[in-house]
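> sequence unavailable; structure follows:
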């Protein structure tokens with residue numbers, strides 16, 4: 001039995017209202033992950049630009065070392 005089959009077997013033990021709540025939650029999570037993956041995939045140019053900007057600031061000594069003790 002796979003993990004998915006085990007999970008569904010446990011879910012089937014719940015009352016119908018709780019099964020529906022769980023189904024709504026898991027579907028929302030799946031769609032949220034899809035949205036994040038899509039947004040991240042589409043953000044390559046922005047992230048690249050920000051990385052270039054950060055590297056330039058570092059090279060021109062406009063950055064300072066982060067001290068975790070002062071956070």
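Good, I have the coordinates. The shown structure was predicted, so the numbers you read here are calculated from the model rather than taken from an experiment.
> next helix or strand past the longest helix along the chain?
Longest helix of the chain, by residue count under DSSP state H: helix 16-42. Per DSSP states H and E, the first helix or strand lying C-terminal to helix 16-42 is helix 44-59.
> for the record, mean pLDDT for that following helix?
Average pLDDT, helix 44-59: 93.
> now it against helix 16-42, angle please.
With axes from the mean of the first three to the mean of the last three Cα atoms, to 10 degrees defining the directions, helix 44-59 sits at 60 degrees from helix 16-42.
> pull the residues that contact helix 44-59.
Under the criterion Cβ atoms under 8 Å, 6 or more residues apart in numbering, residues residue 63 lie in contact with helix 44-59. Where C-beta positions appear, they are placed from N, C-alpha and C, glycine not excepted.
> do the same with stretch 12-32
Looking at stretch 12-32 with Cβ under 8 Å, 6+ apart, the contacting residues turn out to be residue 11.
> state the mean pLDDT of that stretch.
Per-residue pLDDT values across stretch 12-32 average out to 94.
> how far does it sit from the chain's center?
20 Å (Cα atoms, centre = their mean, to the nearest Å).
> mind listing what's buried along it?
Neighbour counts using 16 or more other Cβ atoms under 10 Å place no residue of stretch 12-32 among the buried ones.
> residue contacts, residue 4?
So residue 4 contacts nothing (Cβ under 8 Å, 6+ apart).
> just the element for it, please.
With DSSP H and E as the test, residue 4 turns up in helix 3-11.
> now do that helix against helix 16-42, angle only.
150 degrees.
> run the chain-centre distance for helix 3-11.
24 Å.
> separation between residue 27 and residue 47?
29 Å (Cβ to Cβ, to the nearest Å).
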